[in-house]
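*Asks:* Generate a structure from the sequence data that follows.
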Amino acid sequence: MFDLFSRKEAEKVAKEIVEDFKFPEPVREKTSDEQDWYRVGYTNDGRTTLTLLNGPASMTLTMNEDGVKRLIKMLESTLPQDYVPPSKRE
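*Replies:* Coordinates of the predicted model:
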C-alpha cells in the first residue's frame, strides 16, 4: 500500500552503510601482563570482588563465598578434560 522506500533505494542505503561502517579502535592494546585486565579484592564485609578492566571502563562483580565457588566451577568447566594446573605439573 505505502511504498515509502523502493527496493533500489533500500539497497542503495544498505550499500552506503556497509561501505561507511568502521570498527572502533580498541581503547588499549592487550599486554602480556594479564593483571592489567582484571583485579581481585574484597569488601569490608568480607565479600570477594572481581573487577574487569578495559581502558577507562571497568565492571566489578561482588560475590559471597558461594558465588565465588560457583564462578570457579563455571570457569573450570571450560578447561579441557586433561588439563593439569601449573601447581600440579612436574
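
*Asks:* hey, let's count contacts and neighbours off CA atoms from now on
*Replies:* Will do.

*Asks:* tell me the secondary structure for E9?
*Replies:* Under DSSP: H, G, I helix; E, B strand; the rest coil, the three-state class of E9 is helix.

*Asks:* Could I get the full set of strands for this structure?
*Replies:* Chain-ordered strands for the chain, with DSSP state E as the definition, fall at 38-42, 48-54, 57-63.

*Asks:* and the angle from the shortest one to strand 48-54?
*Replies:* To tie it back to what came earlier, the one meant is strand 38-42. Here strand 38-42 points in a direction 160 degrees away from that of strand 48-54 (axes from the mean of the first three to the mean of the last three C-alpha atoms, to 10 degrees).

*Asks:* now for strand 38-42, which elements pack on it?
*Replies:* Other helices and strands packing on strand 38-42, by 3 or more C-alpha pairs under 8 Å, 6 or more residues apart in numbering; DSSP states H and E, are strand 48-54.

*Asks:* re the thing from before, make JSON lines out of the strands of the chain and add mean pLDDT, mean neighbour count and distance to Y83.
*Replies:* Output for the strands of the chain, formatted as JSON lines (pLDDT from 0 to 100; neighbours: other C-alpha atoms under 10 Å; distance: least, C-alpha to C-alpha, whole Å):
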{"stretch": "strand 38-42", "mean pLDDT": "90", "mean neighbour count": "13", "distance to Y83": "23"}
{"stretch": "strand 48-54", "mean pLDDT": "91", "mean neighbour count": "16", "distance to Y83": "24"}
{"stretch": "strand 57-63", "mean pLDDT": "93", "mean neighbour count": "13", "distance to Y83": "26"}
